[in-house]
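Enquirer: turn this into a model:
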Amino acid sequence: MNNKTLSILSYITIIGWVIAFVKSKDLTPKSDLVNYHLKQGFGIFIVSLILNIALSVVVAAVPSLYFLSYIGYILFILWIFGIINAANEQKKPIPVIGKIFENQFGFIN
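Expert: Coordinates of the predicted model:
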């Protein structure tokens, strides 16, 4: 797989991320683009997981706050931005939350 494909795949569910992570270890030379999007993809996965668990608890406790579930649409839009950046082979962070993940997840390098 080429760098562009692995970059896009790093956003497609956690299974796609694992495949991209394993395949990126085989690349010589190492691709900064793939590593960057692996970090961004893993970051948005972690944020969406934590946010969905928290929102499920909040909505279960206070059903009148059901409108908070629309935050999932915002995460979906951010995820689309990440895929677009990967498809364009750009090392741009995901809006709002992407800068946080640029220097995190040292195991990806």
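
Enquirer: helix or strand right after the lengthiest helix in the chain?
Expert: Longest helix in the chain, counting residues (DSSP state H): helix 32-61. Using DSSP states H and E, the helix or strand that follows helix 32-61 towards the C-terminus is helix 71-87.

Enquirer: give me the residues contacting that next one.
Expert: Helix 71-87 is contacted from outside by 4, 7-8, 10-12, 37, 40-41, 44, 47-48, 51-52, 55, 91-92, 94-98, using Cβ atoms under 8 Å, 6 or more residues apart in numbering. (Each C-beta comes from the backbone N, C-alpha and C, glycine too.)

Enquirer: list the helices and strands the longest helix of the chain packs on?
Expert: Judged by 3 or more Cβ pairs under 8 Å, 6 or more residues apart in numbering; DSSP states H and E, helix 32-61 is in contact with helix 3-9, helix 13-25, helix 71-87, helix 98-101.

Enquirer: spatially nearest residue to the residue nearest in space to the middle of the chain (excluding sequence neighbours)?
Expert: With distances taken as Cα atoms, centre = their mean, Gly41 lies nearest the centre of the chain, 2.2 Å away. Among residues not flanking Gly41 along the chain, Ser10 sits closest, at 3.8 Å (Cβ to Cβ, 6 or more residues apart in numbering).

Enquirer: ok, that neighbour - contacts?
Expert: Ser10 sits next to Gly16, Trp17, Ala20, Phe21, Val34, His37, Leu38, Gln40, Gly41, Phe42, Ala86 when contact means Cβ under 8 Å, 6+ apart.

Enquirer: tell me the pLDDT at the fourth one?
Expert: Read that as Phe21. We have a pLDDT of 91 for Phe21.
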